[in-house]
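Asker: let me see the structure of the following:
(chains A, B, C and D)
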Protein chains: 2
Amino acid sequence: MPRSQPRKRTTIREVAQATGLSPAAVSYALRGMQVSEETIERVRQAAAELGYEADPIARALASGRTGMIGLLCGSLEDLWQQSLAFGIGRALREKDRYALILDAAGDPGRERTLARQLRDQRVDGLIVQPVDPAAPLWAQLAETLPVVSIGDALVDARTAGEVVFDNRRGVTLALEYLREKGHRRVAVLTPTWSSTPDRPADVHVTAEAERLGLDIDVVTAPHGLAATTKVACSLLRGEARPSAAFCFSDSIAYGVYAAAAELGLRIPDDISVMGYDDHPMSGLLTPGLTTVNWDIDGIVRAAVRLVVAAADGQNRRRRIIQAPELHERGSVGACRPS
Amino acid sequence: MPRSQPRKRTTIREVAQATGLSPAAVSYALRGMQVSEETIERVRQAAAELGYEADPIARALASGRTGMIGLLCGSLEDLWQQSLAFGIGRALREKDRYALILDAAGDPGRERTLARQLRDQRVDGLIVQPVDPAAPLWAQLAETLPVVSIGDALVDARTAGEVVFDNRRGVTLALEYLREKGHRRVAVLTPTWSSTPDRPADVHVTAEAERLGLDIDVVTAPHGLAATTKVACSLLRGEARPSAAFCFSDSIAYGVYAAAAELGLRIPDDISVMGYDDHPMSGLLTPGLTTVNWDIDGIVRAAVRLVVAAADGQNRRRRIIQAPELHERGSVGACRPS
DNA sequence: ACGGTTCACTGATTCGCTTCAGTGAACCGC
DNA sequence: GCGGTTCACTGAAGCGAATCAGTGAACCGT
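Answerer: Numbers count the residues shown, from 1 in each chain, chains lettered A, B, ... in the order given. Predicted structure coming up:
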């Protein structure tokens, strides 16, 4: 393989030559350290004239820093997580940092690989929405890299911050509401990738269902609207159709809407649907999706603030708990005796 | 600033020492070049034992290659583009490559900056959905880097491939359909960022409208559902409400749906809505959004195939034209005399 | 048995920047 | 006017790989 391109970028050496300084001085000057104001100005000018821009790769190799923040998503197949990722990207941009977005696609193994990869890319910080919060890797990573988790807290890791979803509360909110509306038999649709052993949210469902005397039936829903729709169809077509479906993400609920439409079932008359997340589109459906709302803007801001602060060397190490709210719209009706 | 972390990664030198070879030999062996099978195996083993993994940054500096593909999106605020970006990310992953996703947010200036940044990051290829296809930068970039454009073709650039949307056809399809349904006065909602001088799609709208004898009223819609809704509201509340709204992306159409709901207007009875893109959610709305459909999977596959092939050194240089189809659902009705 | 290949591998250099350990001059108080 | 600081800057040594130009040995046909 030939040396890829005859790179003709101007280097720091040329700027040094043009200004009659040493490369080291130029390096310092461009970062505004240890040199006189006058020299800084002179170097800036020369750099601009020569069209010099520091090579990020060389810089990363020498300094171990890149200015980038890694974002490791649980599963970008989920629309809400897409929004989250996009929001974080934008928030970082406003802080003059860039996000390196990777998608674990719900696979704990891939998550580990990608996390290491991000570390090797010398990201200055890592925001992760962990698929497997209990992986020992996190503790190890957090030793040398500011890590901020979103969703679940990382087990035994000295993170730089945590934006924790109070899933217990969210589940309680949802199930109590269904219970109030008279539902007893409810299907719980949970994403495939939550197959991680004792995922906290799932545990809460079981516990709460028991407490409330609900008869639940857990179904895992695969990725993608089409696939979810298929699963939802077979669920709704089954002989013992539940009166309500509690979907562990709005994306999944959309699949239930599609299935209902396909089967000619009316929401909420024939089947009540409850979401989880509150994606912007949920309010546009007919009927609007009743769902558990998380303050996505707040989450984005908190995570970005924590990771950037840590990357800049401050250590706050804060745990921010997100409290959910029930966003009642029209997709859950009173349970009618069939 | 202290040297960030006491990096304790194992280097190629240690592997060399462990095997009694030179670092160069190890480097070759790990890439399966110029060395005996036996040595390769020996090196692999030693590397595994020492937990050695090549440092991507050092590798990038030395070789000018990273294995990453840059993805420069026009505006990730748009849901369809989010889907596109996600799809490309996944497709690349399946080819053992990673996407470095950046968002121009509709700003031509930012687009240029980010494109350069991507080049400096040594991406092996670049997929861009250009905000400003006529920027001279593209030609320059394409000289040394495989560039694939999605949407509009880059002007005067020797790209590695182009996935061009036949927007002329798409616009014709949409406007002819509206015309057939009897609409004469239609509002055209176009994203703010299409303010690039003579954006092709906009030109087509004007031309087609004239040809069809439509009385159009072009309104620019800002980013985000909330903002779009506001604009749509004032449009629909205006005294001379058009009978139909042609939205230049499904995301914008969602804003019109929200506005209609807010104002108590029925779709399509009081206002017909036409989208452009066909986002997965469009079929779930009530009524379903009639829209212009692009084969998003096909686009993703084509773009990825082209850029990966080019990054691997083949040169295909193909222009793939995407033909749209009208996806008729229920959001456009016959125009009733008011 | 001899020049010519091929093969497997090595040493040195390079990529472009950061950073450490100085170095000399100016400046300080006394 | 003499030690001690501070200031502005320099030279050289990395960072961790890839790559180029060899180098000796084995192998080749004749």
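Asker: run the chain-centre distance for the lowest-mean-pLDDT helix or strand in chain A.
Answerer: Least confident helix or strand of chain A, by mean pLDDT, DSSP states H and E, is helix A:200-212 with a mean of 80. Centroid separation for helix A:200-212 versus its chain: 24 Å, with Cα atoms, centre = their mean, to the nearest Å.
Asker: ok, now stretch A:319-333?
Answerer: Counting by Cα atoms, centre = their mean, stretch A:319-333 comes out at 18 Å from the chain centroid.
Asker: now swap in stretch A:115-124 and tell me
Answerer: The chain centroid and the centroid of stretch A:115-124 are separated by 17 Å under Cα atoms, centre = their mean.
Asker: does it reach DNA strand C?
Answerer: No: figure legend: stretch A:115-124 not in contact with DNA strand C (Cβ under 7 Å from any atom of the strand); closest approach 11.6 Å. Where C-beta positions appear, they are placed from N, C-alpha and C, glycine not excepted.
Asker: which stretches of the stretch 101-250 of chain A form helices?
Answerer: Using DSSP state H, counting those that start in this stretch, the helices of the stretch 101-250 of chain A run over A:108-120, A:136-144, A:167-180, A:200-212, A:225-237, A:250-263.
Asker: show me the one of these that comes nearest B:Pro23.
Answerer: Each of the helices of the stretch 101-250 of chain A has some distance to B:Pro23 by Cβ to Cβ; the shortest is helix A:108-120, at 18.6 Å.
Asker: how far does that closest one sit from the chain's center?
Answerer: In terms of Cα atoms, centre = their mean, the centre of helix A:108-120 is found 15 Å from the chain centre.
Asker: could you do stretch A:76-91 as well?
Answerer: Per Cα atoms, centre = their mean, the centroid offset for stretch A:76-91 relative to its chain is 6 Å.
Asker: pLDDT on that stretch, on average?
Answerer: Mean pLDDT, stretch A:76-91: 95.
Asker: where do the strands of chain A begin and end?
Answerer: Residue ranges of the strands in chain A, as given by DSSP state E, are A:68-73, A:98-103, A:125-128, A:147-151, A:161-165, A:185-191, A:215-221, A:244-247, A:272-274, A:291-293, A:318-322, A:325-327.
Asker: buried ones in the last one?
Answerer: Meaning strand A:325-327. Neighbour-count burial for strand A:325-327 flags A:Leu326, A:His327 (criterion: 16 or more other Cβ atoms under 10 Å in any protein chain shown).
Asker: please apply the same query to the third one.
Answerer: Within strand A:125-128, the residues that qualify as buried are A:Gly125, A:Leu126, A:Ile127, A:Val128, counting by 16+ other Cβ under 10 Å.
Asker: can I get those in CSV including pLDDT and distance to A:Gly288?
Answerer: Below are those laid out as CSV (pLDDT from 0 to 100; distance: Cβ to Cβ, whole Å):
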residue, pLDDT, distance to A:Gly288
A:Gly125, 96, 37
A:Leu126, 97, 36
A:Ile127, 98, 30
A:Val128, 97, 32
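Asker: quick check, nearest of these to DNA strand C?
Answerer: Using Cβ to the nearest atom of the strand, A:Gly125 comes nearest to DNA strand C of those, at 16.4 Å.
Asker: thought the closest one was touching A:Val147?
Answerer: Yes: in this structure A:Gly125 lies within contact range of A:Val147 using Cβ atoms under 8 Å: 7.4 Å.
Asker: tell me, what's touching those two both at once?
Answerer: Listed contacts common to A:Gly125 and A:Val147 are A:Ala160; contacts here mean Cβ atoms under 8 Å, 6 or more residues apart in numbering or on different chains.
Asker: what number of residues are in the vicinity of A:Arg168?
Answerer: 16 (other Cβ atoms under 10 Å in any protein chain shown).
Asker: ignore the last one, A:Pro146
Answerer: A:Pro146 has 26 nearby residues by other Cβ under 10 Å.
Asker: kindly state which of the strands of chain A is positioned closest to A:Phe86.
Answerer: From the strands of chain A, taking Cβ to Cβ, the stretch that ends up closest is strand A:98-103, at 9.1 Å.
Asker: alongside chain B, which residues does the stretch 51-200 of chain A contribute?
Answerer: Residues of the stretch 51-200 of chain A found near chain B (Cβ under 8 Å from any Cβ of the partner chain) are A:53, A:55-58, A:60-61, A:63-65, A:76-77, A:79, A:82-83, A:86, A:89-90, A:93, A:98-103, A:105, A:116-117, A:120-122, A:144-145.
Asker: tell me the buried residues within these.
Answerer: Buried members of those, counted by 16+ other Cβ under 10 Å: A:55-58, A:60-61, A:64-65, A:76-77, A:79, A:82-83, A:86, A:89-90, A:93, A:98-103, A:105, A:117, A:120-122, A:145.
Asker: keep the residues you listed, but drop any that are not near DNA strand D.
Answerer: A:Ala58, A:Leu61.
Asker: and the residue of the stretch 201-338 of chain A closest to DNA strand D?
Answerer: A:Ala311 (19.6 Å).
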